[in-house]
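Participant: missing the sequence, but the structure's below:
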C-alpha cells in the first residue's frame, strides 16, 4: 500500500472507513443511507465497489472479531527511555523495538528527538505484571534513565492513527 492510496481518499471513502471501523459488519445499504443523510448521493452498489477498491488498494487489510475481555481495562503506560551514548544506538533501538512488538499488549514504539530517545506505549494487562519494568530490566545495560507514566486513553481517531503506518 502506498502513501498515495491514503492521500487519495475522498470524504466518502473516509466516511465508509469510519463506519466500518465502528462495525465491520455494517451492510453497504446502511452505509449508503448514512452517507445520503450527510449529503452524498451514493447507492449501495457504489459503496460495495468503493469497499472493494479499498480492499484491493490495501487500505482495508481485512476484518476481524474484537472480543470483549472480562477484565477490560483502559489503563496504559508510557515508557520514556534515555539511552547511554553509544555508536550502536540505532541497533539498540531496533533491539528494543523488536522485543516490544512481540508483546501482545503494545500499542506503539516511537523514536524521539530531544531529552528522551524512545517512547513505548503499552496496555496494562491485569494478568501480566510490570511489562514495562521487564523491558527496563532486559535492556538495563543500554539505558541511562527512564520514566513510566500511567495513561488513560479515552478517544482515539483510528483513521488518523492508521496514518502513522505510512
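Facilitator: Received, thanks. Remember, it's a predicted structure, so these values are computed and weren't measured experimentally.

Participant: Every contact and neighbour count from this point should use C-alpha atoms.
Facilitator: Fine.

Participant: Break the chain into its domains for me.
Facilitator: Here the domain parsing of the chain from automatic domain parsing is 3-57, 75-158.

Participant: is it possible to export the ones you listed to a markdown table including mean pLDDT and mean neighbour count?
Facilitator: Listed next are those as a markdown table, based on pLDDT from 0 to 100; neighbours: other CA atoms under 10 Å:
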| stretch | mean pLDDT | mean neighbour count |
| --- | --- | --- |
| domain 3-57 | 88 | 15 |
| domain 75-158 | 87 | 14 |
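
Participant: can you redo these as a markdown table with distance to residue 64?
Facilitator: Converted to a markdown table, these look like this (distance: least, CA to CA, whole Å):
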| stretch | distance to residue 64 |
| --- | --- |
| domain 3-57 | 8 |
| domain 75-158 | 15 |
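
Participant: Assumed residue 108 was part of a strand.
Facilitator: Yes. Read with DSSP: H, G, I helix; E, B strand; the rest coil, residue 108 is one of the residues of a strand.

Participant: how close does the closest residue to it other than its chain neighbours get to residue 50?
Facilitator: In space, not counting the residues next to it along the chain, residue 108 is nearest to residue 121; the distance is 5.5 Å by CA to CA, 6 or more residues apart in numbering. Relative to residue 50, residue 121 is positioned 34 Å away (CA to CA, to the nearest Å).

Participant: My guess is residue 97 contacts residue 111. True?
Facilitator: No. With contact defined as CA atoms under 8 Å, residue 97 and residue 111 do not form a contacting pair (9.4 Å).

Participant: just to revisit the earlier point, please list the residues outside the helix or strand where the residue nearest to residue 108 lies that contact it.
Facilitator: Using DSSP states H and E, residue 121 falls within strand 118-123. In this structure, residues lying in contact with strand 118-123 by CA atoms under 8 Å, 6 or more residues apart in numbering are 74-82, 93, 105-112, 132.
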